[in-house]
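Visitor: just coords:
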Ligand code: SAH
Ligand code: SF4
Ligand code: F3S
């Protein structure tokens, strides 16, 4: 698959499309005597969230206004294909737009994201959802305005899915960030690992690292703009730079980011255990602005399963890294991803996973039942595990892992911890929510004697010191002692 760098000339064509679309939407707004709206439904991982922020950036440049209402004038579905139920969610949600589009004839529906790299899904949309206006794949994101214009000009479904991996300067794109305090910063795109269960290398293409200086200049601007938290994103951040000749590596990038003043939380994900170097752990321990949390997906605790998954590390190597992290950053936390029921997984293999979980004492874990993804190697493997066996193993794993999460939360009770405030919690108006530096979720109250006049919205992005008073199964509770930034 060719990798093509998007040039300034290409971006000029994008700019032209943006100005034509701005005229088009302005005319629509005049006709309707209201601003036109957009709504993006984002499925999947943070990379998709980051892509949606770029789509939103373009749409806002065109004069559209975001709405929570999914009956907006322009609706984007940014899809995920990681497991079968992710696919089902798109088709479950898309159906209602047939009648909505009859009510609002100017409504525009676009479907993009990882599912749009699979021909079967494109065919299904063409056949069963003909009201969709535009389909494009994740690699074409920067071209979205050109593609949207094309679909409006032809008034027919425009499908733009190609075998090209683009690398486009993120700094050239306008990004409408969802959170006032958090910036998502992709440092690389695609994945070369081909874990045998995984669809991502097919949907996101080959690894392309962004230019080092480009990332640093973006980080400096973000710090100036007042972002407190940045999340460096990639499917395998530890292989950053390999495709750039190897002069700059992930530890170099992480350290350079940590030296920029202004951030209180630098986070990164995902770390592939085969590529995470001891140097990264050293840098994490050295710089206060880097979170003390490591997301390190193990997937399985059995060497034979890891081999068939094509993960390129052994249980022992994984344990060594986890122990090293615990030793160097004792107050830190480790989260992981685990797949249960990979083809050929025996009871013994599964017990190896349980014993790895107990030994690592993961502070949190995303646990998944294996889902067969057509086109991947594992989909062809014999010995697919019967669903009832997967369910039974999955429940056993959950029981053990949930107890570990609860225990990890209990260990915080009595401590006063720095919390980055994310705003009001979903449960009650007087409860705020935020995260510790080691990524624990904290719900807390503000005692009236602190005389804090700011609303929960205004406190978004502030750092506070919170005394942890109780542990819940998935979060901790606390009381604010003081705000740090005042
Ligand atoms: N790049 C990351 C993971 C991205 S996908 C990494 O290498 O760790 C997020 C998680 O989804 C994976 O870690 C894996 O646990 C899970 N996953 C991916 N494909 C899956 C499949 N076919 N069935 C079940 N879980 C899957
Ligand atoms: Fe998928 Fe493996 Fe790449 Fe992660 S490293 S995205 S699990 S192929
Ligand atoms: Fe899903 Fe694509 Fe992310 S498949 S998990 S949205 S890279």
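Guide: Noted; the coordinates are in hand. No experiment lies behind these values; they were computed from the predicted model shown. Ligands and ions are numbered 1, 2, ... in the order given.
Visitor: ok, and the closest residue to ligand 2 within the stretch 1-150 of the chain, which helix or strand is that part of?
Guide: For the stretch 1-150 of the chain and ligand 2, the shortest gap (CB to the nearest ligand atom) falls at residue 82, measuring 8.3 Å. All C-beta atoms are positioned from the backbone trio N, CA, C, and that covers glycine. Using DSSP states H and E, residue 82 sits within no helix or strand.
Visitor: next one: the one 4 residues further on
Guide: Taking DSSP H and E as the criterion, residue 86 maps to helix 84-94.
Visitor: next structured bit after that helix?
Guide: With DSSP H and E, the next secondary element past helix 84-94 is helix 97-103.
Visitor: what's the average pLDDT for the helix or strand following that following helix?
Guide: Where DSSP H and E defines the elements, the next helix or strand beyond helix 97-103 is strand 108-113. Per-residue pLDDT over strand 108-113 has a mean of 96.
Visitor: next one: stretch 274-284
Guide: Per-residue pLDDT over stretch 274-284 has a mean of 96.
Visitor: would you list every one of the strands in the stretch 51-200 of the chain?
Guide: Along the stretch 51-200 of the chain, counting by DSSP state E, counting those that start in this stretch, strands occupy 65-66, 74-79, 108-113, 134-136, 158-160, 165-167, 182-186, 188-189.
Visitor: go on, the stretch 251-400 of the chain?
Guide: Under DSSP E, counting those that start in this stretch, the stretch 251-400 of the chain gives strands at 265-269, 293-295, 333-340, 364-369.
Visitor: What values do phi and psi take at residue 435?
Guide: Here is the backbone geometry of residue 435 (degrees, to the nearest 10): phi -130, psi 150.
Visitor: related to what we said a few turns ago, and the strands of the stretch 251-400 of the chain: which comes nearest residue 483?
Guide: When the strands of the stretch 251-400 of the chain are compared by CB to CB, strand 265-269 sits nearest residue 483, at 16.1 Å.
Visitor: before we move on, the earlier item: for the strands of the stretch 251-400 of the chain, please prepare a markdown table with the additional fields mean pLDDT, distance to residue 249 and mean neighbour count.
Guide: Shown next, in a markdown table, are the strands of the stretch 251-400 of the chain (pLDDT from 0 to 100; distance: least, CB to CB, whole Å; neighbours: other CB atoms under 10 Å):
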| stretch | mean pLDDT | distance to residue 249 | mean neighbour count |
| --- | --- | --- | --- |
| strand 265-269 | 97 | 13 | 22 |
| strand 293-295 | 98 | 17 | 23 |
| strand 333-340 | 98 | 22 | 22 |
| strand 364-369 | 97 | 27 | 18 |
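Visitor: can you redo these as JSON lines with distance to residue 150?
Guide: Shown next, in JSON lines, are those (distance: least, CB to CB, whole Å):
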{"stretch": "strand 265-269", "distance to residue 150": "35"}
{"stretch": "strand 293-295", "distance to residue 150": "39"}
{"stretch": "strand 333-340", "distance to residue 150": "38"}
{"stretch": "strand 364-369", "distance to residue 150": "38"}
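Visitor: Which one of those strands lies nearest to ligand 2?
Guide: strand 333-340 (8.0 Å).
Visitor: ok, residue 232 touching residue 266?
Guide: Yes: contact criterion CB atoms under 8 Å: residue 232 and residue 266 qualify, at 7.1 Å.
Visitor: Please identify every residue contacting each of these two.
Guide: 254, 257 (CB atoms under 8 Å, 6 or more residues apart in numbering).
Visitor: List the residues that contact the closest residue to residue 24 other than its chain neighbours.
Guide: Of all residues not flanking residue 24 in the chain, residue 152 sits nearest, at 6.6 Å (CB to CB, 6 or more residues apart in numbering). For residue 152, the contact set (CB under 8 Å, 6+ apart) comprises 21, 24, 108, 133.
Visitor: Compute the distance between the third one and residue 287, please.
Guide: Going back to what we said before, that points to residue 108. To residue 287, residue 108 is 45 Å away according to CB to CB, to the nearest Å.
Visitor: Kindly report the same for the last one.
Guide: Relative to residue 287, residue 133 is positioned 47 Å away (CB to CB).
Visitor: Which of the two has more residues huddled nearby?
Guide: More crowded of residue 133 and residue 287, by other CB atoms under 10 Å: residue 133, with 21 against 15.
Visitor: picking that back up, output the strands of the stretch 51-200 of the chain as TSV; include the columns distance to residue 326.
Guide: Below are the strands of the stretch 51-200 of the chain laid out as TSV (distance: least, CB to CB, whole Å):
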stretch	distance to residue 326
strand 65-66	42
strand 74-79	37
strand 108-113	36
strand 134-136	44
strand 158-160	47
strand 165-167	37
strand 182-186	27
strand 188-189	27
